[in-house]
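Asker: Quick one, what's the 3D model for this:
(3 chains)
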Amino acid sequence: MTNRKLYALLDCNNFYASCERLFRPELEGRPLVVLSNNDGCVIARSAEAKALGIGMGEPYHRCRRLLDTHQVEVFSSNYALYGDLSRRVMDILGRLEPEVEVYSIDEAFFRLPQGSPEQIQANGRAIRATVRRQVGLPVSIGYGPTKTLAKIANRIAKKQPAHDGVFAILPGRNIDQLLSTIEVGEIWGIGRQSTRKLALRGICTGLDLKNADPAWVRKMLTVTGARTQLELRGTPCIDLEAAPSPRKSIVTSRSFGRPVTSLGDLREAVTTYMTIAAAKLRGSHQKTGCLQVFLTTNRFRADAPQYADSRAVNLSLATSTTAELIGRGLTLINELYRPGYVYQKVGVMLTDLQPDSCGQGELFVPPESPKNHELMTALDNINHRWGHDTMRYAAAGFTRPWWLRQAKKSPAYTTNWKELPVVKAW
DNA sequence: TCTGGGGTCCTAGGACCC
DNA sequence: TCTGGGGTCCTAGGACCC
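Answerer: Residues are numbered from 1 along each chain as shown, chains lettered A, B, ... in the order given. Model prediction:
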(Lines give C-alpha, C1' and ligand atoms only; values in the text may rest on other atoms or scores of the structure.)
Protein backbone atom coordinates (compact mmCIF):
# COMPACT_ATOMS: atom_id res chain seq x y z
CA MET A 1 0.00 0.00 0.00
CA THR A 2 2.91 2.34 0.57
CA ASN A 3 3.66 2.74 -3.12
CA ARG A 4 0.11 3.74 -4.06
CA LYS A 5 -0.01 6.52 -6.57
CA LEU A 6 -2.04 9.64 -6.67
CA TYR A 7 -3.43 11.29 -9.80
CA ALA A 8 -3.29 15.02 -10.32
CA LEU A 9 -4.71 17.44 -12.85
CA LEU A 10 -3.19 20.80 -13.69
CA ASP A 11 -5.55 23.17 -15.46
CA CYS A 12 -4.85 26.72 -16.64
CA ASN A 13 -7.46 29.16 -15.34
CA ASN A 14 -9.58 30.72 -18.12
CA PHE A 15 -6.74 29.77 -20.42
CA TYR A 16 -7.40 31.79 -23.60
CA ALA A 17 -8.51 34.82 -21.62
CA SER A 18 -5.41 34.63 -19.44
CA CYS A 19 -3.18 34.34 -22.53
CA GLU A 20 -4.63 37.52 -24.00
CA ARG A 21 -4.17 39.33 -20.72
CA LEU A 22 -0.56 38.26 -20.37
CA PHE A 23 0.58 40.80 -22.96
CA ARG A 24 -2.02 43.40 -22.02
CA PRO A 25 -1.51 43.72 -18.27
CA GLU A 26 -3.69 46.82 -18.17
CA LEU A 27 -6.62 44.44 -18.72
CA GLU A 28 -6.02 42.75 -15.36
CA GLY A 29 -9.23 42.84 -13.33
CA ARG A 30 -11.31 43.80 -16.37
CA PRO A 31 -13.89 41.64 -18.17
CA LEU A 32 -12.55 39.98 -21.29
CA VAL A 33 -13.83 37.31 -23.71
CA VAL A 34 -12.33 35.31 -26.57
CA LEU A 35 -14.42 34.36 -29.60
CA SER A 36 -14.39 31.12 -31.58
CA ASN A 37 -13.17 30.97 -35.17
CA ASN A 38 -15.09 33.30 -37.45
CA ASP A 39 -15.89 35.42 -34.38
CA GLY A 40 -18.93 33.21 -33.86
CA CYS A 41 -19.31 32.32 -30.20
CA VAL A 42 -17.80 33.18 -26.83
CA ILE A 43 -15.43 30.34 -25.97
CA ALA A 44 -13.43 31.82 -23.09
CA ARG A 45 -14.23 34.36 -20.41
CA SER A 46 -12.26 36.03 -17.70
CA ALA A 47 -13.69 35.74 -14.18
CA GLU A 48 -15.12 39.27 -14.49
CA ALA A 49 -16.89 38.36 -17.76
CA LYS A 50 -18.36 35.23 -16.16
CA ALA A 51 -19.66 37.39 -13.32
CA LEU A 52 -21.52 39.55 -15.86
CA GLY A 53 -23.51 36.47 -16.86
CA ILE A 54 -21.96 35.93 -20.28
CA GLY A 55 -22.51 32.26 -21.09
CA MET A 56 -20.01 29.78 -22.46
CA GLY A 57 -20.70 29.16 -26.14
CA GLU A 58 -23.05 32.10 -26.46
CA PRO A 59 -23.30 33.49 -29.99
CA TYR A 60 -21.43 36.77 -30.25
CA HIS A 61 -24.21 38.57 -32.09
CA ARG A 62 -26.58 37.74 -29.25
CA CYS A 63 -24.49 39.06 -26.37
CA ARG A 64 -22.85 41.92 -28.23
CA ARG A 65 -25.03 44.51 -26.53
CA LEU A 66 -24.17 43.21 -23.08
CA LEU A 67 -20.49 43.19 -23.98
CA ASP A 68 -20.65 46.76 -25.24
CA THR A 69 -22.56 47.99 -22.23
CA HIS A 70 -19.95 46.67 -19.82
CA GLN A 71 -17.01 47.56 -22.06
CA VAL A 72 -15.85 43.99 -22.21
CA GLU A 73 -12.61 43.49 -24.16
CA VAL A 74 -13.29 41.16 -27.09
CA PHE A 75 -10.64 39.07 -28.86
CA SER A 76 -10.74 36.76 -31.89
CA SER A 77 -9.03 33.47 -31.11
CA ASN A 78 -5.27 33.41 -31.62
CA TYR A 79 -4.22 29.77 -31.60
CA ALA A 80 -0.59 30.49 -32.44
CA LEU A 81 -0.34 32.36 -29.15
CA TYR A 82 -2.31 29.86 -27.04
CA GLY A 83 -0.45 26.88 -28.51
CA ASP A 84 2.92 28.41 -27.75
CA LEU A 85 2.05 29.37 -24.17
CA SER A 86 0.56 25.92 -23.63
CA ARG A 87 3.81 24.32 -24.72
CA ARG A 88 5.71 26.43 -22.20
CA VAL A 89 3.44 25.41 -19.34
CA MET A 90 3.67 21.73 -20.31
CA ASP A 91 7.47 21.96 -20.58
CA ILE A 92 7.68 23.23 -17.01
CA LEU A 93 5.41 20.49 -15.71
CA GLY A 94 7.47 17.92 -17.60
CA ARG A 95 10.61 19.14 -15.87
CA LEU A 96 9.01 19.00 -12.42
CA GLU A 97 7.09 15.73 -12.72
CA PRO A 98 8.21 12.44 -14.30
CA GLU A 99 4.82 11.03 -15.29
CA VAL A 100 2.84 13.56 -17.30
CA GLU A 101 0.02 13.23 -19.81
CA VAL A 102 -0.79 16.36 -21.80
CA TYR A 103 -4.55 16.04 -22.02
CA SER A 104 -5.57 19.20 -23.86
CA ILE A 105 -4.23 22.62 -24.70
CA ASP A 106 -4.77 23.79 -21.13
CA GLU A 107 -4.79 20.60 -19.04
CA ALA A 108 -2.33 17.91 -18.06
CA PHE A 109 -2.65 14.89 -15.80
CA PHE A 110 0.32 13.69 -13.80
CA ARG A 111 0.94 10.95 -11.29
CA LEU A 112 2.99 11.05 -8.14
CA PRO A 113 3.59 8.91 -5.07
CA GLN A 114 1.07 9.12 -2.28
CA GLY A 115 2.34 11.50 0.39
CA SER A 116 1.17 13.32 3.46
CA PRO A 117 -1.40 16.09 2.96
CA GLU A 118 1.34 18.61 3.67
CA GLN A 119 3.61 17.12 1.00
CA ILE A 120 0.81 17.17 -1.57
CA GLN A 121 0.02 20.80 -0.78
CA ALA A 122 3.69 21.70 -1.10
CA ASN A 123 3.89 19.92 -4.46
CA GLY A 124 0.94 21.87 -5.80
CA ARG A 125 2.09 25.22 -4.53
CA ALA A 126 5.55 24.74 -5.99
CA ILE A 127 4.24 23.90 -9.46
CA ARG A 128 1.79 26.74 -9.35
CA ALA A 129 4.43 29.27 -8.31
CA THR A 130 6.89 28.07 -10.96
CA VAL A 131 4.38 28.38 -13.80
CA ARG A 132 3.32 31.78 -12.54
CA ARG A 133 6.89 33.00 -12.39
CA GLN A 134 8.20 31.52 -15.63
CA VAL A 135 5.17 31.89 -17.92
CA GLY A 136 2.92 34.28 -16.05
CA LEU A 137 -0.28 32.23 -16.21
CA PRO A 138 -2.47 31.18 -13.26
CA VAL A 139 -3.13 27.45 -12.89
CA SER A 140 -5.09 25.23 -10.51
CA ILE A 141 -4.15 21.73 -9.40
CA GLY A 142 -6.37 18.97 -8.06
CA TYR A 143 -5.31 15.62 -6.58
CA GLY A 144 -7.24 12.38 -6.16
CA PRO A 145 -7.00 8.56 -6.13
CA THR A 146 -8.37 8.46 -9.73
CA LYS A 147 -8.42 10.81 -12.69
CA THR A 148 -12.12 11.50 -12.24
CA LEU A 149 -11.63 12.46 -8.59
CA ALA A 150 -8.60 14.59 -9.50
CA LYS A 151 -10.83 16.43 -11.97
CA ILE A 152 -13.36 17.10 -9.23
CA ALA A 153 -10.60 18.24 -6.87
CA ASN A 154 -9.34 20.59 -9.56
CA ARG A 155 -12.79 22.11 -9.90
CA ILE A 156 -12.93 22.73 -6.17
CA ALA A 157 -9.44 24.23 -6.22
CA LYS A 158 -10.56 26.65 -8.90
CA LYS A 159 -13.97 27.53 -7.52
CA GLN A 160 -13.22 28.01 -3.85
CA PRO A 161 -10.65 30.80 -3.43
CA ALA A 162 -9.84 29.68 0.11
CA HIS A 163 -7.85 26.76 -1.30
CA ASP A 164 -5.56 29.06 -3.22
CA GLY A 165 -5.59 26.94 -6.37
CA VAL A 166 -4.61 23.59 -4.81
CA PHE A 167 -6.99 20.94 -3.50
CA ALA A 168 -6.57 17.25 -2.77
CA ILE A 169 -9.15 14.50 -2.35
CA LEU A 170 -7.26 12.03 -0.21
CA PRO A 171 -8.26 8.53 0.90
CA GLY A 172 -9.56 8.69 4.44
CA ARG A 173 -10.98 12.16 4.04
CA ASN A 174 -14.74 12.38 3.85
CA ILE A 175 -15.10 11.86 0.10
CA ASP A 176 -18.82 11.10 0.31
CA GLN A 177 -19.64 14.41 1.92
CA LEU A 178 -17.68 16.14 -0.83
CA LEU A 179 -19.36 14.19 -3.64
CA SER A 180 -22.76 15.13 -2.27
CA THR A 181 -21.98 18.75 -3.11
CA ILE A 182 -21.08 18.01 -6.74
CA GLU A 183 -23.79 18.03 -9.41
CA VAL A 184 -23.66 14.88 -11.47
CA GLY A 185 -23.48 16.86 -14.73
CA GLU A 186 -20.22 18.46 -13.60
CA ILE A 187 -18.45 15.11 -13.47
CA TRP A 188 -15.95 14.28 -16.21
CA GLY A 189 -17.65 11.97 -18.70
CA ILE A 190 -21.24 12.80 -17.69
CA GLY A 191 -22.71 15.00 -20.41
CA ARG A 192 -26.17 16.42 -21.04
CA GLN A 193 -27.85 13.22 -22.20
CA SER A 194 -26.52 11.18 -19.29
CA THR A 195 -27.50 13.89 -16.83
CA ARG A 196 -31.06 13.75 -18.16
CA LYS A 197 -31.25 9.96 -17.85
CA LEU A 198 -29.80 10.03 -14.36
CA ALA A 199 -32.19 12.76 -13.22
CA LEU A 200 -35.16 10.59 -14.21
CA ARG A 201 -33.93 8.11 -11.65
CA GLY A 202 -33.33 10.73 -9.03
CA ILE A 203 -29.55 10.61 -9.41
CA CYS A 204 -28.45 14.22 -9.08
CA THR A 205 -25.15 14.38 -7.19
CA GLY A 206 -21.80 12.69 -7.41
CA LEU A 207 -22.66 10.73 -4.29
CA ASP A 208 -25.94 9.50 -5.86
CA LEU A 209 -24.00 8.19 -8.87
CA LYS A 210 -21.36 6.59 -6.69
CA ASN A 211 -24.05 4.68 -4.78
CA ALA A 212 -26.29 3.82 -7.76
CA ASP A 213 -26.87 0.21 -8.86
CA PRO A 214 -23.83 -0.67 -11.05
CA ALA A 215 -25.84 -2.94 -13.36
CA TRP A 216 -28.29 -0.16 -14.08
CA VAL A 217 -25.49 2.34 -14.67
CA ARG A 218 -23.77 -0.07 -17.05
CA LYS A 219 -26.99 -0.55 -18.98
CA MET A 220 -27.95 3.10 -19.23
CA LEU A 221 -24.56 4.76 -19.61
CA THR A 222 -22.59 1.90 -21.23
CA VAL A 223 -19.10 0.98 -20.17
CA THR A 224 -17.92 4.58 -20.07
CA GLY A 225 -20.52 5.36 -17.38
CA ALA A 226 -19.58 2.21 -15.49
CA ARG A 227 -15.96 3.32 -15.52
CA THR A 228 -16.88 6.76 -14.21
CA GLN A 229 -18.79 5.17 -11.35
CA LEU A 230 -15.86 2.95 -10.43
CA GLU A 231 -13.55 5.95 -10.53
CA LEU A 232 -15.85 7.81 -8.14
CA ARG A 233 -15.53 4.80 -5.83
CA GLY A 234 -11.77 5.16 -5.90
CA THR A 235 -10.89 2.39 -8.37
CA PRO A 236 -8.69 3.73 -11.18
CA CYS A 237 -10.06 2.68 -14.61
CA ILE A 238 -8.63 5.40 -16.80
CA ASP A 239 -4.90 5.16 -17.03
CA LEU A 240 -2.33 7.87 -17.45
CA GLU A 241 -1.26 7.92 -21.10
CA ALA A 242 2.32 9.04 -20.90
CA ALA A 243 3.10 8.36 -24.56
CA PRO A 244 0.53 9.95 -26.86
CA SER A 245 -1.07 7.31 -29.07
CA PRO A 246 -0.83 7.95 -32.81
CA ARG A 247 -3.53 10.14 -34.25
CA LYS A 248 -6.34 8.30 -36.04
CA SER A 249 -7.86 11.07 -38.10
CA ILE A 250 -7.28 14.66 -39.14
CA VAL A 251 -10.07 17.13 -39.83
CA THR A 252 -9.67 20.63 -41.22
CA SER A 253 -12.76 22.75 -41.72
CA ARG A 254 -13.85 26.35 -41.22
CA SER A 255 -17.01 28.34 -41.52
CA PHE A 256 -16.87 30.89 -44.32
CA GLY A 257 -16.47 34.54 -43.46
CA ARG A 258 -19.25 35.34 -45.90
CA PRO A 259 -21.84 33.27 -47.76
CA VAL A 260 -20.38 31.14 -50.53
CA THR A 261 -22.35 29.98 -53.57
CA SER A 262 -19.81 29.26 -56.30
CA LEU A 263 -17.91 26.07 -57.00
CA GLY A 264 -14.78 28.17 -57.55
CA ASP A 265 -14.74 29.41 -53.96
CA LEU A 266 -15.41 25.91 -52.64
CA ARG A 267 -12.50 24.54 -54.66
CA GLU A 268 -10.15 27.19 -53.22
CA ALA A 269 -11.30 26.35 -49.71
CA VAL A 270 -10.86 22.59 -50.23
CA THR A 271 -7.36 23.22 -51.57
CA THR A 272 -6.51 25.43 -48.61
CA TYR A 273 -7.81 23.02 -45.97
CA MET A 274 -6.25 20.02 -47.66
CA THR A 275 -2.89 21.83 -47.62
CA ILE A 276 -3.24 22.39 -43.87
CA ALA A 277 -4.33 18.80 -43.24
CA ALA A 278 -1.51 17.33 -45.35
CA ALA A 279 1.11 19.38 -43.51
CA LYS A 280 -0.31 18.17 -40.22
CA LEU A 281 -0.20 14.61 -41.52
CA ARG A 282 3.49 14.88 -42.38
CA GLY A 283 4.13 16.61 -39.06
CA SER A 284 2.99 13.47 -37.24
CA HIS A 285 4.96 11.24 -39.66
CA GLN A 286 1.86 9.61 -41.07
CA LYS A 287 0.17 9.04 -44.39
CA THR A 288 -3.48 8.58 -45.21
CA GLY A 289 -5.36 5.83 -46.97
CA CYS A 290 -8.75 7.52 -47.10
CA LEU A 291 -9.89 11.07 -47.61
CA GLN A 292 -13.28 12.65 -47.29
CA VAL A 293 -14.79 16.01 -48.19
CA PHE A 294 -17.98 17.40 -46.66
CA LEU A 295 -19.97 20.56 -47.10
CA THR A 296 -23.03 22.08 -45.50
CA THR A 297 -25.38 25.05 -45.71
CA ASN A 298 -26.16 27.09 -42.59
CA ARG A 299 -28.45 24.93 -40.46
CA PHE A 300 -29.59 27.94 -38.42
CA ARG A 301 -31.17 29.53 -41.46
CA ALA A 302 -34.60 27.96 -41.38
CA ASP A 303 -35.69 30.11 -44.32
CA ALA A 304 -32.98 28.91 -46.71
CA PRO A 305 -32.89 25.55 -48.53
CA GLN A 306 -30.63 23.07 -46.74
CA TYR A 307 -28.08 20.69 -48.15
CA ALA A 308 -25.30 18.74 -46.47
CA ASP A 309 -23.39 15.76 -47.77
CA SER A 310 -20.01 14.10 -47.76
CA ARG A 311 -18.06 11.87 -50.05
CA ALA A 312 -15.00 9.72 -49.46
CA VAL A 313 -12.40 7.96 -51.55
CA ASN A 314 -10.08 5.15 -50.58
CA LEU A 315 -6.55 5.43 -51.91
CA SER A 316 -4.97 2.28 -53.24
CA LEU A 317 -1.65 3.63 -52.01
CA ALA A 318 -1.46 5.68 -48.82
CA THR A 319 0.14 9.09 -49.31
CA SER A 320 1.00 12.37 -47.62
CA THR A 321 1.73 14.32 -50.82
CA THR A 322 -0.25 17.56 -50.83
CA ALA A 323 -0.75 17.75 -54.60
CA GLU A 324 -2.24 14.30 -54.83
CA LEU A 325 -4.57 14.91 -51.89
CA ILE A 326 -5.70 18.23 -53.38
CA GLY A 327 -6.44 16.52 -56.69
CA ARG A 328 -8.58 13.88 -55.01
CA GLY A 329 -10.32 16.46 -52.87
CA LEU A 330 -11.22 18.61 -55.88
CA THR A 331 -12.77 15.62 -57.63
CA LEU A 332 -14.94 15.01 -54.58
CA ILE A 333 -16.08 18.62 -54.24
CA ASN A 334 -17.02 18.68 -57.94
CA GLU A 335 -19.26 15.69 -57.30
CA LEU A 336 -20.75 17.17 -54.14
CA TYR A 337 -21.46 20.63 -55.45
CA ARG A 338 -25.09 21.58 -56.15
CA PRO A 339 -25.78 25.05 -57.52
CA GLY A 340 -28.46 27.16 -55.89
CA TYR A 341 -27.42 26.74 -52.27
CA VAL A 342 -25.69 29.15 -49.92
CA TYR A 343 -22.84 27.23 -48.31
CA GLN A 344 -21.63 27.89 -44.81
CA LYS A 345 -18.82 25.43 -44.39
CA VAL A 346 -16.65 22.92 -46.20
CA GLY A 347 -14.13 20.55 -44.69
CA VAL A 348 -11.73 17.74 -45.40
CA MET A 349 -11.09 14.64 -43.32
CA LEU A 350 -8.22 12.17 -43.49
CA THR A 351 -8.87 8.78 -41.93
CA ASP A 352 -7.14 5.41 -42.07
CA LEU A 353 -3.86 7.02 -41.02
CA GLN A 354 -0.73 4.91 -41.10
CA PRO A 355 2.82 5.45 -39.96
CA ASP A 356 5.00 6.99 -42.64
CA SER A 357 7.46 4.13 -42.34
CA CYS A 358 4.85 1.52 -43.17
CA GLY A 359 5.84 0.58 -46.69
CA GLN A 360 2.98 -1.63 -47.76
CA GLY A 361 3.02 -1.60 -51.57
CA GLU A 362 0.37 -2.53 -54.09
CA LEU A 363 0.85 -5.14 -56.78
CA PHE A 364 -0.67 -3.22 -59.67
CA VAL A 365 0.02 0.32 -58.55
CA PRO A 366 3.43 1.87 -59.09
CA PRO A 367 5.02 3.07 -55.83
CA GLU A 368 5.11 6.79 -55.08
CA SER A 369 8.13 8.60 -56.45
CA PRO A 370 10.75 9.52 -53.83
CA LYS A 371 10.80 12.94 -55.45
CA ASN A 372 7.39 13.65 -53.96
CA HIS A 373 8.82 13.10 -50.53
CA GLU A 374 11.76 15.42 -51.19
CA LEU A 375 9.46 18.08 -52.58
CA MET A 376 7.20 17.93 -49.53
CA THR A 377 10.17 18.12 -47.17
CA ALA A 378 11.44 21.19 -48.98
CA LEU A 379 7.99 22.77 -48.88
CA ASP A 380 7.61 22.11 -45.16
CA ASN A 381 11.07 23.44 -44.40
CA ILE A 382 10.47 26.67 -46.30
CA ASN A 383 7.11 27.27 -44.70
CA HIS A 384 8.45 26.48 -41.28
CA ARG A 385 11.33 28.89 -41.71
CA TRP A 386 9.53 31.75 -43.44
CA GLY A 387 5.93 31.44 -42.29
CA HIS A 388 3.21 28.91 -42.99
CA ASP A 389 1.84 30.44 -46.20
CA THR A 390 5.10 31.39 -47.88
CA MET A 391 4.83 28.69 -50.55
CA ARG A 392 1.42 27.43 -51.50
CA TYR A 393 -0.61 25.94 -54.30
CA ALA A 394 -2.14 28.50 -56.67
CA ALA A 395 -5.42 26.57 -56.59
CA ALA A 396 -5.85 27.83 -53.02
CA GLY A 397 -6.58 31.28 -54.43
CA PHE A 398 -5.06 34.64 -53.64
CA THR A 399 -7.68 37.07 -52.41
CA ARG A 400 -9.74 34.38 -50.65
CA PRO A 401 -12.88 36.43 -50.01
CA TRP A 402 -14.43 33.44 -48.26
CA TRP A 403 -11.78 33.30 -45.53
CA LEU A 404 -13.04 33.46 -41.95
CA ARG A 405 -13.56 36.63 -40.00
CA GLN A 406 -11.07 37.43 -37.27
CA ALA A 407 -11.67 41.10 -36.70
CA LYS A 408 -10.20 41.32 -33.22
CA LYS A 409 -7.14 39.14 -33.31
CA SER A 410 -4.21 39.99 -31.08
CA PRO A 411 -0.63 39.80 -32.41
CA ALA A 412 1.33 36.54 -32.46
CA TYR A 413 3.47 37.95 -29.65
CA THR A 414 5.63 34.88 -29.18
CA THR A 415 5.74 33.14 -32.55
CA ASN A 416 6.33 35.85 -35.16
CA TRP A 417 9.34 38.19 -35.21
CA LYS A 418 7.30 40.94 -36.77
CA GLU A 419 4.77 40.85 -33.96
CA LEU A 420 7.05 40.76 -30.94
CA PRO A 421 5.89 43.07 -28.18
CA VAL A 422 7.99 46.19 -27.78
CA VAL A 423 9.12 47.17 -24.31
CA LYS A 424 9.78 50.83 -23.61
CA ALA A 425 11.76 52.01 -20.63
CA TRP A 426 11.97 55.54 -19.41
C1' DT B 1 -25.70 40.47 -41.00
C1' DC B 2 -24.09 37.47 -37.19
C1' DT B 3 -24.34 30.61 -34.17
C1' DG B 4 -16.42 27.10 -33.68
C1' DG B 5 -13.25 23.31 -34.56
C1' DG B 6 -10.99 18.95 -33.71
C1' DG B 7 -10.90 14.78 -31.66
C1' DT B 8 -12.17 9.74 -29.39
C1' DC B 9 -14.94 5.91 -28.05
C1' DC B 10 -19.07 3.05 -27.98
C1' DT B 11 -23.21 0.74 -29.79
C1' DA B 12 -26.78 -0.85 -32.85
C1' DG B 13 -27.83 -2.74 -36.95
C1' DG B 14 -27.00 -4.36 -41.56
C1' DA B 15 -24.31 -7.29 -44.68
C1' DC B 16 -22.17 -11.29 -45.19
C1' DC B 17 -20.42 -15.89 -44.27
C1' DC B 18 -20.69 -20.79 -43.08
C1' DT C 1 -48.58 -21.58 -37.86
C1' DC C 2 -44.38 -21.78 -39.83
C1' DT C 3 -39.62 -19.18 -41.86
C1' DG C 4 -31.89 -21.68 -38.43
C1' DG C 5 -28.23 -19.90 -35.78
C1' DG C 6 -24.15 -17.85 -34.75
C1' DG C 7 -20.21 -15.30 -35.78
C1' DT C 8 -17.49 -11.21 -37.77
C1' DC C 9 -16.90 -6.93 -39.90
C1' DC C 10 -18.18 -2.40 -41.19
C1' DT C 11 -20.58 1.93 -40.83
C1' DA C 12 -23.45 5.60 -39.18
C1' DG C 13 -24.72 8.03 -35.51
C1' DG C 14 -24.65 9.32 -30.70
C1' DA C 15 -22.28 11.02 -26.79
C1' DC C 16 -18.64 13.05 -24.79
C1' DC C 17 -14.39 15.85 -24.25
C1' DC C 18 -11.72 20.43 -24.54
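Asker: Any regions of the stretch 151-300 of chain A where pLDDT drops low?
Answerer: Filtered on pLDDT under 70, the stretch 151-300 of chain A yields no residues whatsoever.
Asker: For the stretch 51-200 of chain A, which residues are neighbours of DNA strand C?
Answerer: Residues of the stretch 51-200 of chain A lying near DNA strand C by CB under 7 Å from any atom of the strand: A:103-107, A:151, A:187-195. No exception for glycine: its C-beta is placed from N, CA and C like everyone else's.
Asker: Looking at the residues you listed, which are in strands?
Answerer: Using DSSP state E, the members of those that fall within strands are A:103, A:104, A:107.
Asker: Now tabulate these in JSON lines and tack on neighbour count and pLDDT.
Answerer: Conversion of these to JSON lines gives the following (neighbours: other CB atoms under 10 Å; pLDDT from 0 to 100):
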{"residue": "A:103", "neighbour count": "17", "pLDDT": "97"}
{"residue": "A:104", "neighbour count": "10", "pLDDT": "96"}
{"residue": "A:107", "neighbour count": "19", "pLDDT": "98"}
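Asker: ok, the residues you listed vs DNA strand B, which is closest?
Answerer: residue A:104 (7.7 Å; CB to the nearest atom of the strand).
Asker: Can you tell me, leaving aside adjacent residues, what's nearest to residue A:249?
Answerer: With sequence-adjacent residues excluded and distances taken as CB to CB, 6 or more residues apart in numbering, residue A:249 is closest to residue A:351, at 4.7 Å.
Asker: How about residue A:111?
Answerer: Using CB to CB, 6+ apart, the closest residue to residue A:111 is residue A:99 (4.3 Å).
Asker: I'd say the one you found and residue A:240 touch.
Answerer: Yes - in this structure, residue A:99 is within contact of residue A:240 by CB atoms under 8 Å, at 6.0 Å.
Asker: Quickly list what's touching both of those two.
Answerer: Listed as contacting both residue A:99 and residue A:240 by CB atoms under 8 Å, 6 or more residues apart in numbering are A:110, A:111.
Asker: returning to that earlier point: ok, of the residues of the stretch 51-200 of chain A next to DNA strand C, which come out buried?
Answerer: Burial by neighbour count, judged by 16 or more other CB atoms under 10 Å, picks out A:103, A:105, A:106, A:107, A:151, A:187, A:188, A:189, A:190, A:194, A:195 from these.
Asker: beta partners of residue A:109?
Answerer: Following DSSP bridges, residue A:109 is listed with bridge partners residue A:9, residue A:101.
Asker: burial of it, as a residue count?
Answerer: Counted by other CB atoms under 10 Å, the residues lying close to residue A:109 total 25.
Asker: now do residue A:148
Answerer: 27.
Asker: who's in contact with residue A:164?
Answerer: Counting by CB under 8 Å, 6+ apart, residue A:164 makes contact with residue A:125.
Asker: same deal with residue A:99?
Answerer: By CB under 8 Å, 6+ apart, residue A:99 lies in contact with A:110, A:111, A:112, A:240, A:242.
Asker: Spell out, range by range, the helices that occur in the stretch 201-350 of chain A.
Answerer: A:206-211, A:214-232, A:263-283, A:322-336 (DSSP state H, counting those that start in this stretch).
Asker: quick one: the helices in the stretch 1-150 of chain A?
Answerer: Under DSSP H, counting those that start in this stretch, the stretch 1-150 of chain A gives helices at A:15-22, A:47-51, A:60-69, A:79-96, A:117-134, A:147-159.
Asker: List, one by one, the residues from the stretch 201-350 of chain A near DNA strand B.
Answerer: Residues of the stretch 201-350 of chain A lying close to DNA strand B by CB under 7 Å from any atom of the strand are A:222-224, A:245, A:247-255, A:259, A:280, A:298, A:300-301, A:344-345, A:347.
Asker: Mind checking which of those are in strands?
Answerer: In this view, these that belong to strands under DSSP E are A:250, A:251, A:252, A:253, A:254, A:255, A:259, A:344, A:345, A:347.
Asker: What is the most widely separated pair among these?
Answerer: A:250 and A:259 (26.8 Å; CB to CB).
Asker: more crowded one of those two?
Answerer: Neighbours per residue (other CB under 10 Å) separate residue A:250 from residue A:259, with residue A:250 holding more: 21 against 15.
Asker: Thank you, goodbye.
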